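Enquirer: just the structure for this:
(one chain, ligands or ions: 1)
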Amino acid sequence: MRKVLSFVIVMIIFGAWQIGCARQEQEVMPLPMGAETNMDHGDEHKSGAETVVGVREIVIIATEFAYEPSTITLEEGETVNITLINEGQVEHAADFGDLGLHLHTQPGAKDSGSLVAEEAGEYEIICTVAGHEDAGMVGSVDVEHAHGEY
Ligand SMILES: [Cu+2]
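Expert: Coordinates of the predicted model:
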């Protein structure tokens, strides 16, 4: 009986901590680009990436083993927030490689961060959870030349 009780207490504490963490994620402060990311709530279920205020948000849905959409298009020079929503049954990630953003999140949760599309070109999105890339969980970012520049 005692064991059950302490298990329940642990679950309550864990739940409260999760809620606190989620709340912290939502109250994202506008930070200058390149500012240190907030890793100090130290858990494994979020990347600690930061969003910025006043830019376009792109939502990517992760399932087994695909992104929807699998291709996103940005304009050269554009800063965007990207939100990865995990509607799958296992943990998923989205690593944007040279674009310098890594998101990861547990099933039923989401993770957000910003990136700057500094240079036109094709970039890969890869799920870095073991085996997922091989299972086809990849996407791409198409950064187009800014309008009127050429
Ligand atoms: Cu994955």
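Enquirer: for the residue lying closest to H92 once chain neighbours are set aside, what are its contacts?
Expert: Spatial nearest neighbour of H92, chain neighbours left out: A62 (3.9 Å); criterion: CB to CB, 6 or more residues apart in numbering. To be clear about C-beta, it is placed using only N, CA and C from the backbone, and glycine gets the same treatment. By CB atoms under 8 Å, 6 or more residues apart in numbering, A62 lies in contact with 84-88, 92, 94, 105, 127, 137.
Enquirer: could you pick out which of these are near the ion?
Expert: 92, 127, 137 (CB under 5 Å from the ion).
Enquirer: report the buried residues of the helix or strand hosting I60.
Expert: Secondary structure from DSSP states H and E places I60 in strand 57-63. Buried positions in strand 57-63, judged by neighbour count with 16 or more other CB atoms under 10 Å: 58, 60-63.
Enquirer: and which of the ones next to the ion among the contacts of A62 is nearest E119?
Expert: C127 (23.5 Å; CB to CB).
Enquirer: contacts only, for the closest one.
Expert: Applying CB under 8 Å, 6+ apart, the residues near C127 are 62, 65, 67, 92-95, 133, 137-138.
Enquirer: now, the most widely separated pair of those residues?
Expert: F65 and D95, at 14.3 Å, using CB to CB across the contacts of C127.
Enquirer: sorry, back to before: among the contacts of C127, name the ones in strands.
Expert: Using DSSP state E, the members of the contacts of C127 that fall in strands are 62, 67, 92-95, 138.
Enquirer: tabulate the residues you listed (a markdown table), appending pLDDT.
Expert: What follows is the ones in strands among the contacts of C127, written out as a markdown table (pLDDT from 0 to 100):
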| residue | pLDDT |
| --- | --- |
| A62 | 98 |
| Y67 | 98 |
| H92 | 98 |
| A93 | 98 |
| A94 | 98 |
| D95 | 98 |
| V138 | 98 |
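Enquirer: show me which residues of the chain sit near the ion.
Expert: Near the ion, when you scan the chain using CB under 5 Å from the ion, you find 92, 127, 129, 132, 137.
Enquirer: out of the residues you listed, grab the one that's most surrounded.
Expert: H92 (30 neighbours; other CB atoms under 10 Å).
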